[in-house]
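Visitor: sequence below, structure please.
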Amino acid sequence: MTALAEPRLTGVAAVRGGPFTGTGVLLRFMLRRDRIRLPAWVLGLTLLMTYFATALGTLLKTEEDLASFSQFAGSPAGAMFGGPGFGFDALTIERFLAGQYGLYIVTGAGLMALLTVVRHTRVEEQAGRTELVRANVLGRHAQLTAALALTGLMAVLLSLLITGVMAGRGHDAAGSLTFGASAGACALAFAGITAVAVQVSEYSRGASGIAGAVLGGAFVLRALGDMAHVQGSGPSWLSWLSPIGWSQQAAPYTLDRWWPLLLSAALAAATAAVGFRLSARRDVGAGLAPPRLGPRRAARWLNSPLALAFRLHRASVIGWSSAVLVGGLAYGSFTQALLDGFEDAPEDLVAVMGGSEDLLNGYLGLMGLMWAFITTAYAILAMQTLRSEESEGRTEPVLATAVSRPAWLASHLVVIGLTAAWLLLLAGLGDGFGAAVSTGEASLFGDVLLGHVAHTPAVWLVLALAALLYGAVPRALPLAWIVVGYGAVVGFFGPLLELSDTALSVSPFEQVGEYPADDLGIAAITVLCGLAGAIGACAIAAYRRRDISTGA
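Guide: Numbering: from 1, shown residues only. Predicted coordinates for the structure are as follows:
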């Protein structure tokens, strides 16, 4: 009796491997796609740190200059804007750089990782490309593995460049390495967190929203914990719930301890493992949280472009509203403690807060500026959802109906613009109520509320600029973040870095005035509103003329 020969696999089946097959090929493809984004992120954060190091090296020339800043760093205000201030009792330039400005590099690294993982996983699935690629020789986990590997490479490059910049300026090599590693560790932690987020929602904006909420929560927890730490009372343990806090607990140039960074590495490994496990429990293109089935017939109020725009933005409006209100209450409740910490602060830092004559109003005005930047971030992200709607093929069917292009874009601009004003209102309510309760001065409530809402025209102007980029050259939409980054540097660090009046005036946020510390620039507010309207009209006109794109 002749035994039957065992069948041999041929063709694709013969080379099909395990769940990680094709990871290297995908990684090379991702590197090709990110040939501009990767150096932009890594070099951008490195250049920002280089600028801080150069500017402060010029500003703080003597030991007396450094000593004057140690009191501020040990205050709740210094903790909120920078961190716990390790080694500030014997302050050096490198300690001040790592303890105050390192926070923004670490947070930027987390944002870099978040957006990179979403871009190469959920966006690809949502666009339908993942299903086509996986029809070939590609393992189930290859795409997520390649995305995490790419993010890890970016984290390593950022760590090495920051280490090189700091060591190259003559700072301690071990501290420089710890400082660079702290930024990379935060990037790895949020890469893992995002690996889980992309399994939950089937939409890229949902995944970005989940991971972004974790990043924002980590920033707030770190701030509250660090403020409690320098006060010597309160829930200082909150800092240890934040990956951002772990990076700061490494204490570069002071303690140079690596074990807090191991927490970030452990979180990255654990969340990545969970992400792989969850990805095997869902279908390609689907999320673990299935979308809720809608009613069989649409409500009558949805029968307009404006209503559709509101429906598309509704979830993010609810999420942002909740976060902003809670954040406003939290920061407002620390008003009195922050003022106590500024009693002996150096003159340059007091100038940032509005001057010694009106320190209370100066701080509240600065909070209004901070929430203006946060609200502008919402506006740009909301505009980026329009880009996603278009590239994923959902805009074209809408425009094939009786909805015109101007009506469609204008409806979204109205919804985003009104939401921006709403968020500033909520921030003012939270900050105003918290400050009134903290200081016992009920009259602060109205002034704080007005000062926050007054920044709305500046936010509208940046929104209009983002819309113009989207209407003319959609791929250039991320350039709108430059306005936010420049405004933040000018608004928070302009007096410290002794920037010229011309450099300050370029930022639209500087035109309004930080009320109640400054008088409101009514003329500037009117001009900003007019510019926002004119640029918005140009954006609509540009959108009418260009082709609709269905490619990412």
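Visitor: in the stretch 151-300 of the chain, where is pLDDT below threshold?
Guide: Applying pLDDT under 70 to the stretch 151-300 of the chain picks out residues 233, 294, 298.
Visitor: actually, the chain.
Guide: Residue ranges of the chain with pLDDT under 70: 1-17, 58-78, 233, 294, 298, 301-302, 337-358, 494-498, 550-552.
Visitor: identify the residues contacting the most centrally placed residue in it.
Guide: Geometric centre of the chain, nearest residue: Leu111, 5.3 Å, by C-alpha atoms, centre = their mean. By C-beta atoms under 8 Å, 6 or more residues apart in numbering, Leu111 lies in contact with Phe190, Leu215. To be clear about C-beta, it is placed using only N, CA and C from the backbone, and glycine gets the same treatment.
Visitor: what's the answer for His120, then?
Guide: Met30, Arg33, Gln143, Ala146, Ala147, Leu150.
Visitor: mind checking the longest helix of this structure?
Guide: In the chain, taking DSSP state H as the definition, the longest helix is helix 405-439.
Visitor: just the buried residues of the contacts of His120.
Guide: Met30, Gln143, Ala146, Ala147, Leu150 (16 or more other C-beta atoms under 10 Å).
Visitor: picking up where we left off before, measure the residue nearest to the centre of the chain to Leu463 for me?
Guide: 20 Å (C-beta to C-beta, to the nearest Å).
Visitor: again, but for Phe492
Guide: Taken as C-beta to C-beta, the span from Phe492 to Leu463 is 21 Å.
Visitor: the strands in the stretch 351-500 of the chain, which residues?
Guide: For the stretch 351-500 of the chain, applying DSSP state E, counting those that start in this stretch gives no strands.
Visitor: so which residues of the stretch 351-500 of the chain form helices?
Guide: 359-391, 395-399, 405-439, 444-453, 456-472, 480-497 (DSSP state H, counting those that start in this stretch).
Visitor: make that the stretch 151-300 of the chain, sorry
Guide: For the stretch 151-300 of the chain, the helices defined by DSSP H, counting those that start in this stretch cover 173-200, 204-231, 243-249, 259-279.
Visitor: Ala228 and Ser333, how far apart?
Guide: As judged by C-beta to C-beta, Ala228 and Ser333 stand 12 Å apart.
Visitor: ok, Ala299 next?
Guide: Distance from Ala299 to Ser333, counting by C-beta to C-beta: 40 Å.
Visitor: please say which of the two ends up with more neighbours.
Guide: Neighbours were counted for Ala299 and for Ser333 using other C-beta atoms under 10 Å; Ser333 has more, 17 against 10.
Visitor: dump the helices of the stretch 151-300 of the chain into a markdown table; add distance to Ala532 as well.
Guide: Output for the helices of the stretch 151-300 of the chain, formatted as a markdown table (distance: least, C-beta to C-beta, whole Å):
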| stretch | distance to Ala532 |
| --- | --- |
| helix 173-200 | 33 |
| helix 204-231 | 24 |
| helix 243-249 | 33 |
| helix 259-279 | 40 |
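Visitor: want to throw those into CSV with distance to Asp519 and mean neighbour count?
Guide: As requested, the helices of the stretch 151-300 of the chain are arranged in CSV below (distance: least, C-beta to C-beta, whole Å; neighbours: other C-beta atoms under 10 Å):
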stretch, distance to Asp519, mean neighbour count
helix 173-200, 40, 26
helix 204-231, 29, 22
helix 243-249, 36, 27
helix 259-279, 45, 18
